[in-house]
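> generate coordinates for the sequence data below:
(one chain, ligands or ions: 1)
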Amino acid sequence: MSSVSIQHNVKDLITPFLAGKFYSKIGVLTDENTERFCYPLVKDGLPGHELIVIPAGEEHKNLATCQQVWEKLTELHFDRHSLVLIVGGGVLGDLGGFCAATYKRGVDFVLMPTTLLAQVDASVGGKLGIDFQNFKNHIGVFCNPVITLISPDFLKTLPERELRSGFAEVIKHCLISDKSIWRTIKEKTLANQDWNALIEHSVAFKKRVVENDPKESGLRKILNFGHTVGHAVESYFLDSGNRIFFMARQLP
Ligand code: GLY
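Predicted coordinates:
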């Protein structure tokens with residue numbers, strides 16, 4: 001398992017990580033949203049680098065987007081001694097990590113998750129991959145980043161709906177592992193939660209589970225609580241945009 005560093009200031013995350021390291025090239029991978037809202041917080045902490053931007057959204061977590069990333073890395077002469085810093089939510093981490101883990105049989109990559117959901121879930125545990133033929137996460141690998149760098153400051157860039165989505169995962173971790181924190185968080189509104197403490201708690205819990213069962217042959221399945229049905233619904237909607245229209249018409 002790779003390490004996870006949690007700090008408010010993004011520079012304080014990047015500078016110690018890069019100290020004493022030499023990378024032939026550094027690439028920052030973002031999507032259109034994180035380029036706008038998160039990259040400005042990241043770029044000042046970095047030496048010279050290339051920026052690669054992909055379209056945002058689960059519908060782009062596919063082979064065509066991987067091809068764009070691999071083409072760009074090739075065009076920019078990234079080699080085995082290069083680093084890819086992935087700045088984004090779960091889709092970007094899954095796809096970007098998969099591209100980095102397979103480009104030239106694997107280059108170093110760092111995850112910098114920018115949504116609460118990615119910070120407490122996808123950034124730990126090395127699951128990387130893409131959707132294929134409308135099956136979610138159908139092609140992928142287990143491979144860990146060199147480090148995961150988490151700044152709760154990124155949460156300020158999120159719409160409330162996105163924060164709620166990550167909060168559901170935090171609640172799930174508390175329900176599985178820690179009654180006392182569950183009691184504390186249910187007394188507070190969303191705006192009053194102590195995100196630093198909750199992220200640390202979730203990351204520590206997930207690390208414990210994954211260290212015990214990295215490839216999900218037993219214990220790690222507890223983390224799929226809620227995901228299995230969620231992934232089935234997502235696969236269903238990936239299959240046809242028309243269904244969304246159909247379902248919307250059925251709603252009262
Ligand atoms: N998201 C569940 C897991 O990483 O196993």
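> pull up the distance across stretch 138-155, start to finish.
Stretch 138-155 has an end-to-end distance of 29 Å (CA to CA, to the nearest Å).
> cool, and stretch 172-184?
Stretch 172-184 has an end-to-end distance of 14 Å (CA to CA).
> chain center to that stretch, what's the gap?
Averaging C-alpha positions (CA atoms, centre = their mean, to the nearest Å) puts stretch 172-184 22 Å from its chain's average.
> for stretch 15-30, same thing?
For stretch 15-30, the separation from the chain centroid amounts to 19 Å (computed by CA atoms, centre = their mean).
> what's in contact with that stretch?
Residues outside stretch 15-30 that contact it (CB atoms under 8 Å, 6 or more residues apart in numbering) are 5, 38-39, 42-43, 45-54, 69, 73, 76-79, 81-88, 92, 96, 99, 108, 110, 147, 149. C-beta coordinates here come from the backbone N, C-alpha and C atoms, glycine included.
> out of these, name the ones that lie in strands.
Secondary structure from DSSP state E places 5, 50-54, 83-88, 108, 110, 147, 149 of those in strands.
> just give me the closest of the residues you listed to residue 183.
Of all those, residue 183 sits closest to residue 5, with 28.7 Å by CB to CB.
> which one among the ones in strands among the contacts of stretch 15-30 gets closest to residue 158?
Out of the ones in strands among the contacts of stretch 15-30, the member with the shortest distance to residue 158 (by CB to CB) is residue 88, at 12.0 Å.
> what residues are up against that closest one?
By CB under 8 Å, 6+ apart, the contact list for residue 88 reads 29-31, 33-34, 38, 96, 112-115, 118.
> and if we set it to 7 Å?
Counting by CB atoms under 7 Å, 6 or more residues apart in numbering, residue 88 touches 30-31, 34, 114.
> with adjacent residues omitted, what lies nearest to it?
Excluding the flanking residues, the one nearest residue 88 by CB to CB, 6 or more residues apart in numbering is residue 34, at 4.4 Å.
> what secondary structure does residue 28 sit in?
Classification of residue 28 using DSSP: H, G, I helix; E, B strand; the rest coil returns strand.
> remind me which residues of the stretch 101-250 of the chain are low pLDDT?
For the stretch 101-250 of the chain, residues meeting the criterion pLDDT under 70 lie at 240-250.
> please enumerate the helices of it.
For the stretch 101-250 of the chain, the helices defined by DSSP state H, counting those that start in this stretch occupy 116-117, 160-177, 179-186, 195-212, 227-239, 241-250.
> which stretch among those comes nearest the ligand?
helix 227-239 (5.7 Å; CB to the nearest ligand atom).
> pull out the buried residues from the contacts of stretch 15-30.
The neighbour-count test (16 or more other CB atoms under 10 Å) marks 38-39, 42, 45-46, 49-50, 52-54, 69, 73, 78, 82-88, 92, 96, 99, 108, 110, 147, 149 as buried among the contacts of stretch 15-30.
> could you list every residue that touches the closest residue to the ligand within the stretch 151-252 of the chain?
Of all residues in the stretch 151-252 of the chain, residue 223 sits closest to the ligand, at 3.9 Å by CB to the nearest ligand atom. With contact taken as CB under 7 Å, 6+ apart, residue 223 is in contact with 206, 209.
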